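> Sequence first, predicted model second:
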Amino acid sequence: MAIFFLSLILLILGYVIYGLIVEKIFAIHPEHQTPAITYADGVDYMPLAPWRVFLIQFLNIAGLGPVFGAILGALYGPVCLFWIVLGSIFAGGVHDYLSGMISMCYRGRTLSYFIEIFLGKKFCVFFLISLVVLLLLVGSIFAKTPAAMLSSLIGMDFVWWLLIIFAYYFLATLLPIDKVVGHLYPFFAAALLLATVLLIGALFVNGYEFYPNLHILNQNPNGKPIFPLMFITIACGALSGFHATQSPMMARCLTNEKYGRPIFYGAMILEGVVALVWATLAIAFFHGTGGLNEALGATGNAGKVVAEISDGLLGSFGKFLTVTAIVLLAITSGDTALRSARLSLADFFKIKQQKIRNRLFLSVMIFACAMAMAFIDLNKIWLYFGWTNQMLATIMLWVGALYLKHKKRFYLIALLPALFMTAVCGTYFGYSELMLKQNLETSVIIGIVIMLGIAVWFFSASKYHTKH
């Protein structure tokens, strides 16, 4: 139990101390007008109260990651807490802060715009296509998963739930950000936090041993290596590229740059706390990684584990509350993924979004694709999501390092996690059964070579690719 509270304290100290260091290095200008004020359009650029933006940002970035990812990552044992804590402070928090604040410096534009500035137009086109496909995939999967859970929990056919969720998606994506997102998301975020607090409290009250057979060695029952697999498995809750697609949306709603640290860095730390709780619940409730592995089954059904834990600790009402919160997590991340796809395409093609016909034009295309994807088997494609997501995070960290380097600031805060994640993604590319299928030693060499190659490029790059 002491390990849990120590981890919690470190996350809080990370926000207070390292978050302030990151803010000082970035050099904010509280006196500057933000895009929310300068470019207010009543749709996407709209001043919102900081507390509201914080809860929306937290819900946007959370998704199922800090729950499902933490449960699957808990198979490695308490060692996963190191990645959750250190990743949130030194990688995820930096990533989210830079993606949000750099966006604020460039009119609240989306990630593809940064890519064009720092990596060139050709790479930007390739990146935009990949990004939109990824966001469509997230929107589709995060509609199918809650539709299946709602069908099981409440009844009614899966297809009807899917259509209802997509109808909600369409409205949330099309309407001004304060209409659905601004009003409902803070309450959804509160529901998730309430369920999280109740569950960890119940674990404590019922006298569970938090980390049975405590040691920092790999406890994965299937013998899977910590490096690189754990760093791909636990994304949200430590570091996730999906966050870079969400932060620019809130960058268009902040009224002062001084709110960047609590909203971008702070929401990431809070997500780390949620991941810490769910990793602890998964290990403690099933009395170790062996029991957790058995509960997950051959398919790694984290949703089933969530239901078992919540029912066992809080009873039927607690199960309903927790599953409802998880469903809301998926749905809200799905609709903001599709909203981000609309904004990314609008930025690239310079389509202004004040007029509803322009939003309809993009939204209809996006939803036609997302709904079509929902009715085909995406399981094989989804297997690549973890690696693609961490690749996106790595690219954002490199962009952040380039930005700080260009501004002659202490870019190591972004460069060091970028180097580490490059090695992780490169090693996974070599090791994964989905890719090169090499042994671990060869894969590590591949990862290091890729990391060194990109590092050489970074230190030789000295200019923007376009004039801005």
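Received, thanks.
> What's the separation between the residue nearest to Met371 when sequence neighbours are not counted and Ser363?
Distances taken as CB to CB, 6 or more residues apart in numbering put Phe166 closest to Met371, at 5.7 Å, once the chain neighbours are dropped. Using the backbone N, CA and C atoms, a C-beta is placed for each residue, glycine as well. Phe166 sits at a distance of 11 Å from Ser363 (criterion: CB to CB, to the nearest Å).
> ok, back up a step: show me what contacts the residue nearest to Met371?
Contacts here follow CB atoms under 8 Å, 6 or more residues apart in numbering; on that basis Phe166 touches 143, 367, 370-371, 374.
> let's see 10 Å
Going by CB atoms under 10 Å, 6 or more residues apart in numbering, Phe166 touches 139-140, 143, 147, 334-335, 338, 367, 370-371, 374.
> For it, pull up the helix or strand it's in.
Per DSSP states H and E: Phe166 is located in helix 158-174.
> moving C-terminal of that helix, what's the next helix or strand?
Using DSSP H and E, the next helix or strand after helix 158-174 towards the C-terminus is helix 181-205.
> coming back round to it: buried set for the helix holding Phe166?
For helix 158-174, the buried set under the neighbour-count rule, 16 or more other CB atoms under 10 Å, comprises 161-162, 165-166, 168-170, 172-174.
> Next: stretch 6-20.
7-8, 10-11, 14-15, 18-19.
> neighbours around the closest residue to Tyr259 other than its chain neighbours, how many?
Closest residue to Tyr259 apart from its sequence neighbours, by CB to CB, 6+ apart: Pro50 at 4.7 Å. Applying other CB atoms under 10 Å, we find 16 residues neighbouring Pro50.
> The one 3 residues further on now?
With neighbours defined by other CB under 10 Å, the count for Val53 comes to 28.
> next one: Ile61
Around Ile61 there are 28 other residues, counting by other CB under 10 Å.
> Secondary structure element holding Ala423?
Assigned by DSSP H and E, Ala423 belongs to helix 412-431.
> Check Ala325 too.
Using DSSP H and E, the secondary-structure element containing Ala325 is helix 302-349.
> following that helix, which helix or strand shows up next?
Later in the chain than helix 302-349, the nearest helix or strand by DSSP H and E is helix 356-374.
> Enumerate the positions of that next one that are buried.
Using 16+ other CB under 10 Å as the test for burial, helix 356-374 gives 359, 362-363, 366-367, 369-371, 373-374.
> Okay, now the unreliable bits of this structure?
462-468 (pLDDT under 70).
> one more time with 50
The chain contains residues with pLDDT under 50 at 467-468.
> which stretches of the stretch 51-200 of the chain form helices?
70-73, 80-87, 93-105, 111-119, 121-153, 158-174, 181-205 (DSSP state H, counting those that start in this stretch).
> Val306 is nearest to which of these?
Closest to Val306 of the helices of the stretch 51-200 of the chain is helix 70-73 (CB to CB; 7.3 Å).
> starting at the chain centroid, how far to the closest one?
Put simply, helix 70-73 sits 14 Å off its chain's centre (CA atoms, centre = their mean, to the nearest Å).
> Identify, from the buried residues of stretch 6-20, the entry nearest to Thr422.
Taking CB to CB as the measure, Thr422 lies nearest Tyr18 of those, at 21.4 Å.
> burial of the closest residue to the closest one other than its chain neighbours, as a residue count?
Spatial nearest neighbour of Tyr18, excluding adjacent residues (CB to CB, 6+ apart): Ile89 at 5.4 Å. For Ile89, the neighbour count with other CB under 10 Å is 24.
> Ala370 reaches Ser140, doesn't it?
Yes. Using CB atoms under 10 Å, Ala370 is in contact with Ser140, at 5.0 Å.
> Tell me who's in contact with the residue nearest to Lys437 when sequence neighbours are not counted.
In this structure, Lys437 finds its nearest non-sequential neighbour in Tyr431, 7.8 Å apart by CB to CB, 6+ apart. Contact analysis of Tyr431 by CB under 10 Å, 6+ apart lists 225, 227-229, 437-444, 446-447.
> So what does the spatially closest residue to Gly69 that is not a sequence neighbour look like in phi/psi?
Spatial nearest neighbour of Gly69, chain neighbours left out: Ile234 (5.0 Å); criterion: CB to CB, 6+ apart. Torsion angles at Ile234 (phi, psi; degrees, to the nearest 10) stand at phi -90, psi 100.
> Quick check: neighbours shared by Ala370 and Ser140?
166, 169, 334, 337-338.
> now, which of the residues you listed sits nearest Ile71?
Set against Ile71, the nearest of these by CB to CB is Gly334 (19.7 Å).
> contacting residues around the closest residue to the closest one other than its chain neighbours?
Leaving out its chain neighbours, the residue that sits closest to Gly334 by CB to CB, 6+ apart is Phe142, at 3.2 Å. Residues near Phe142 by CB under 10 Å, 6+ apart: 63-64, 165, 169, 327, 329-338, 370.
> same question, Ile17
Applying CB under 10 Å, 6+ apart to Ile17 gives the contacts Ile89.
> One more: the one 10 residues further on?
Applying CB under 10 Å, 6+ apart, we find Ala27 in contact with 101, 257, 404, 407, 409.
> hmm, try it at 7 Å
Arg409 (CB atoms under 7 Å, 6 or more residues apart in numbering).
> So what does it look like in phi/psi?
Torsion angles, degrees, to the nearest 10, at Ala27: phi 70, psi 80.
> With Glu209 instead?
The phi and psi values for Glu209, taken as degrees, to the nearest 10, are phi -80, psi 120.
> For Gly312, see how far away it is.
15 Å.
> between the two, who's got more neighbours?
Shown here are Glu209 and Gly312; by other CB under 10 Å, Gly312 has more neighbours (17 against 13).
> Distance check, the closest residue to that one other than its chain neighbours against Asp311.
Closest residue to Gly312 apart from its sequence neighbours, by CB to CB, 6+ apart: Phe285 at 6.4 Å. Relative to Asp311, Phe285 is positioned 11 Å away (CB to CB).
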